[in-house]
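[1] could you look at this predicted model? Sequence included:
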Amino acid sequence: MAVTKAKKVEVLASIENDLKSATSVAFTSNTKLTVEEVTRLRKELIKVDAQFTLVKKTLIRIAFKNVY
């Protein structure tokens, strides 16, 4: 099911807001991570007041252009 244009605008605004408030940003590939590993990673990040967000490359590129 395709994501509507309105939903993409909403997601993009959320990503831009996160980027503006972030002190650092990291990128990784999730191709060989299991669900269990991702869940464990998210729990560890929450402990240190960090977040893990999976975003399509196209949306993150647009967000970076808009923010920086």
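    Nice, thanks for sending it over.

[2] C-alpha only now, for contacts and for neighbours.
    Fine.

[3] all helices for the chain, in order.
    5-21, 35-47, 57-67 (DSSP state H).

[4] for residue 23, the count of nearby residues, please.
    Residues lying near residue 23 (other Cα atoms under 10 Å) number 7.

[5] could you dump the helices of the chain into a markdown table with mean neighbour count and distance to residue 28 added?
    Output for those, formatted as a markdown table (neighbours: other Cα atoms under 10 Å; distance: least, Cα to Cα, whole Å):
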| stretch | mean neighbour count | distance to residue 28 |
| --- | --- | --- |
| helix 5-21 | 13 | 16 |
| helix 35-47 | 12 | 12 |
| helix 57-67 | 13 | 11 |
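
[6] possible to save the ones you listed as JSON lines with distance to residue 27 and mean pLDDT?
    Shown next, in JSON lines, are the helices of the chain (distance: least, Cα to Cα, whole Å; pLDDT from 0 to 100):
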{"stretch": "helix 5-21", "distance to residue 27": "13", "mean pLDDT": "92"}
{"stretch": "helix 35-47", "distance to residue 27": "14", "mean pLDDT": "94"}
{"stretch": "helix 57-67", "distance to residue 27": "10", "mean pLDDT": "93"}
